[in-house]
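Trainee: below is the sequence, then the predicted model.
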Amino acid sequence: MLHPDRLFPVDPGTRTLARALYETVASAPIISPHGHTDPRWWGENPAFSDPAALFVTPDHYLTRMLTSQGVPFEALGIGAGAETDPRTIWRTFAEHYHLFRGTPSRLWVDHALSEVFGVTQRLSPETADVAYDAIAEKLALPEFRPRALYDRLGIEVIATTDSALDDLEQHRKAQASGWTGRVVPTYRPDAVTDPDVPGFVQNLDRLGELTGCDTGTWQGYLDAHRARRAFFAEMGATATDHGHATPRTADLPRAEAEALYDRLRAGRAAPGDAELFRAQMLTEMARMSAEDGLVMQIHSGSSRSHSDAVRARYGTDRGFDIPIPVSFTEALRPMLNAVGLTPGLQIILYTLDESTYSRELAPLAGVWPCLLLGPPWWFQDSYEGMTRFRQIATETAGFHNLAGFNDDTRALCSIPARHDVARRVDCAFLAGLVTTHRLEEDEAFEVLPLLTGDLARRAFRL
Ligand SMILES: [Zn+2]
């Protein structure tokens with residue numbers, strides 16, 4: 001199912017070099033500094049129940065394609081009255097597997113089926129049951145529990161993404177278990193920095209309870225963040241993550257920030273207050289990062305839950321998050337002018353709007369010492385997306401202003417597949433630089449381990 005030369009350049013000279021480069025990193029450890037695996041997997045190490053629950057139901061890359069072709073959510077095990085028989089859900093997936101031709105999901109699923117589960121026949125209605133039985137049989141074995149998979153997939157460190165209000169109990173369990181895997185939390189405070197999150201005011205109360213700080217005041221609220229960040233850092237976190245629709249930042253005079261907070265806290269928000277508060281909080285979080293050393297990640301450019309009905313009936317993360325145009329340069333100016341030259345500060349930027357890479361992000365990361373470019377993400381986490389990224393970002397930002405690869409996934413078995421795609425694209429790109437005489441061969445061998453591991457270790461302080 002997997003061709004050994006997949007994703008490599010077609011001309012023989014470049015291909016030979018790409019292969020030689022790949023040999024040196026094919027089995028390098030996986031650094032996964034940003035992702036969404038379930039902390040319970042690491043804390044409790046439960047067996048995965050069945051192939052559909054592992055592969056299909058939670059993976060919005062897969063369900064969105066099926067949705068687009070008229071497969072109801074219920075047939076995929078989602079929503080009230082949904083199908084409950086995992087084999088039936090798996091068969092539905094297999095019947096529609098042809099839809100994934102030409103997509104990265106196809107590469108990832110094929111890779112996981114063959115490399116993790118030893119299923120080597122292409123998935124189809126005819127092979128669905130054989131594949132299901134082979135996977136189900138393995139899932140019952142101890143070596144297919146999450147912690148054993150972590151070891152077998154070659155993971156060196158993995159980060160989860162956790163609410164600021166999370167008690168990190170599963171992380172504590174994983175650490176206390178004696179297991180040697182390294183799982184670190186990430187401080188994601190959207191629930192208490194984004195006034196548009198349902199329950200925002202109650203979340204502020206909870207933040208106060210957790211920290212003993214008076215979140216009735218702006219000062220107490222900021223202190224509460226400091227306390228939670230310190231707790232996360234103590235539990236191993238090295239980074240924060242901020243999922244705002246826009247990268248707008250602000251640096252308000254103190255009295256204005258206090259008044260803004262007071263209005264939101266009291267439920268008296270004026271139009272524009274929520275966006276201004278998010279903007280102010282990015283700058284406050286950057287200030288705190290400059291103090292405590294947690295690396296800051298800013299994700300923006302997604303219009304979440306585009307279908308109101310899908311959100312109401314099936315919840316969030318169902319594939320209806322759609323990219324919107326984003327502009328960084330002016331938006332980041334207040335934050336960068338407040339803290340952007342602070343030694344040691346690290347801020348990683350991600351986008352779904354590829355037009356910003358050459359116009360804004362590579363030029364910004366190519367000069368501001370605090371900025372690093374995150375990898376092509378989500379819809380660009382693909383052969384074509386990564387190739388375009390290398391081409392449009394590298395010439396301006398170089399390699400050392402990048403944050404390396406991260407898989408950003410909740411699909412555990414796809415992690416090696418995603419890193420493998422990134423490694424192959426990087427080998428192809430570096431081989432092309434050498435055969436066009438823009439880089440010496442020994443330099444390509446020197447850059448490659450940076451791209452496949454060291455940049456991520458450095459960017460996330462792992
Ligand atoms: Zn993410």
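Mentor: Structure's in. What do you need? All values derive from a computational prediction rather than experimental measurement. Numbers count the residues shown, from 1 in each chain.
Trainee: please, which helix or strand holds residue 17?
Mentor: Taking DSSP states H and E as the criterion, residue 17 maps to helix 12-25.
Trainee: equivalent analysis for residue 157, please.
Mentor: Using DSSP H and E, the element containing residue 157 is strand 155-159.
Trainee: how about that strand as PDB, C-alpha atoms only?
Mentor: Output of strand 155-159 as PDB, limited to C-alpha atoms (Å, rounded to 0.1, in the frame of the first residue of the first chain):
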ATOM      1  CA  ILE A 155       7.400   9.300  20.400                       C
ATOM      2  CA  GLU A 156       9.900  11.200  22.600                       C
ATOM      3  CA  VAL A 157       7.500  13.800  24.000                       C
ATOM      4  CA  ILE A 158       3.900  14.700  23.400                       C
ATOM      5  CA  ALA A 159       1.900  17.800  24.400                       C
END
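Trainee: quick one on the thing from earlier: now do the helix holding residue 17: which elements does it pack against?
Mentor: Applying 3 or more Cβ pairs under 8 Å, 6 or more residues apart in numbering; DSSP states H and E, one finds that helix 12-25 contacts helix 415-435, helix 441-449. C-betas here are computed from N, CA, C, even on glycine.
Trainee: and the first one, how far from the chain's centre?
Mentor: Relative to the centre of its chain, helix 415-435 is centred 19 Å away, using Cα atoms, centre = their mean, to the nearest Å.
Trainee: run through the helices of the stretch 151-300 of the chain in chain order.
Mentor: Along the stretch 151-300 of the chain, counting by DSSP state H, counting those that start in this stretch, helices occupy 169-176, 190-193, 200-211, 218-234, 254-265, 273-292.
Trainee: how about residues contacting the first one?
Mentor: With Cβ atoms under 8 Å, 6 or more residues apart in numbering as the contact definition, helix 169-176 has outside contacts at 39-40, 42-44, 160, 162, 181, 183-185, 235-236.
Trainee: immediately after the helix holding residue 17, which helix or strand?
Mentor: Following helix 12-25 in sequence, per DSSP H and E, is strand 30-32.
Trainee: neighbouring contacts of the helix or strand just after that following strand?
Mentor: Where DSSP H and E defines the elements, the next helix or strand beyond strand 30-32 is helix 39-44. Identification of contacts with helix 39-44 by Cβ under 8 Å, 6+ apart yields 46, 146-147, 150, 158, 160, 162, 168-174, 177, 179, 181, 183, 185, 412.
Trainee: same deal with stretch 315-331?
Mentor: Stretch 315-331 is contacted from outside by 60-61, 63-65, 67, 73, 78, 245-249, 300-307, 310-311, 349, 351-353, 355-356, 360-361, 364, 379, using Cβ under 8 Å, 6+ apart.
Trainee: one more time with 7 Å, if that's ok
Mentor: 60, 63-64, 67, 246-249, 300-307, 310, 349, 351-353, 356, 360-361, 364, 379 (Cβ atoms under 7 Å, 6 or more residues apart in numbering).
Trainee: out of those residues, which are buried?
Mentor: 60, 63, 67, 246-249, 300-302, 305, 310, 349, 351-353, 356, 360-361, 364 (16 or more other Cβ atoms under 10 Å).
Trainee: show me those that map onto strands.
Mentor: Members of these lying in strands (criterion: DSSP state E): 302, 349.
Trainee: before we move on, back to that, give me the angle between the strand holding residue 157 and helix 415-435.
Mentor: Interaxial angle, strand 155-159 versus helix 415-435 (axes from the mean of the first three to the mean of the last three Cα atoms, to 10 degrees): 110 degrees.
Trainee: tell me which strands strand 155-159 pairs with, and in which orientation.
Mentor: strand 30-32 (parallel), strand 183-184 (parallel) (DSSP bridges).
Trainee: end to end on stretch 452-462, go ahead and measure it.
Mentor: Using Cα to Cα, to the nearest Å, the end-to-end distance of stretch 452-462 comes to 14 Å.
Trainee: now do stretch 32-41
Mentor: OK, stretch 32-41 end separation, Cα to Cα: 15 Å.
Trainee: list phi and psi for the most centrally placed residue in the chain.
Mentor: By Cα atoms, centre = their mean, the mean C-alpha position of the chain lies nearest to residue 408, the distance being 2.3 Å. When read as degrees, to the nearest 10, the backbone of residue 408 gives phi 50, psi 40.
Trainee: surely it touches residue 37?
Mentor: No - judged on Cβ atoms under 7 Å, residue 408 makes no contact with residue 37 at a distance of 10.6 Å.
Trainee: could you list the low-confidence segments of the stretch 51-200 of the chain?
Mentor: For the stretch 51-200 of the chain, no stretch has pLDDT under 70.
Trainee: kindly export stretch 390-406 (C-alpha atoms) in CSV.
Mentor: Extracted C-alpha coordinates of stretch 390-406, given in CSV (Å, rounded to 0.1, in the frame of the first residue of the first chain):
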residue,chain,number,x,y,z
ARG,A,390,8.8,25.6,2.1
GLN,A,391,8.8,27.5,-1.1
ILE,A,392,7.1,30.6,0.1
ALA,A,393,8.4,31.0,3.6
THR,A,394,12.0,29.7,3.5
GLU,A,395,13.6,32.3,1.3
THR,A,396,12.5,35.1,3.7
ALA,A,397,12.5,33.4,7.1
GLY,A,398,15.3,30.9,6.6
PHE,A,399,15.1,27.6,8.6
HIS,A,400,16.0,28.9,12.0
ASN,A,401,13.0,31.2,12.4
LEU,A,402,10.7,28.1,12.1
ALA,A,403,9.1,26.1,14.9
GLY,A,404,9.6,22.7,13.2
PHE,A,405,6.8,20.3,12.6
ASN,A,406,3.9,19.5,14.8
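Trainee: hmm, who's touching it?
Mentor: Contacts with stretch 390-406, where a contact means Cβ under 7 Å, 6+ apart, come from 32-35, 348, 357-358, 362-363, 365-366, 372-375, 419, 422, 425, 429, 447, 450-451, 455-456, 459.
Trainee: kindly recompute the last result at 6 Å.
Mentor: Residues external to stretch 390-406 that are found in contact with it (Cβ atoms under 6 Å, 6 or more residues apart in numbering): 33-34, 348, 357-358, 362-363, 365-366, 372-375, 422, 429, 447, 455-456, 459.
Trainee: and it, what's its mean pLDDT?
Mentor: Here stretch 390-406 scores 97 as its mean pLDDT.
Trainee: what residues of it count as buried?
Mentor: For stretch 390-406, a neighbour-count test (16+ other Cβ under 10 Å) marks 390, 392-394, 396-397, 399, 401-406 as buried.
Trainee: among the residues you listed, which lie within helices?
Mentor: 390, 392, 393, 394, 396, 397 (DSSP state H).
Trainee: residue contacts, the nearest residue to the fifth one once chain neighbours are set aside?
Mentor: Spelled out, it's residue 396. Setting aside the residues directly before and after it, residue 396 is nearest to residue 362 in space (Cβ to Cβ, 6 or more residues apart in numbering), at 3.8 Å. Counting by Cβ under 6 Å, 6+ apart, residue 362 makes contact with 393, 396, 397.
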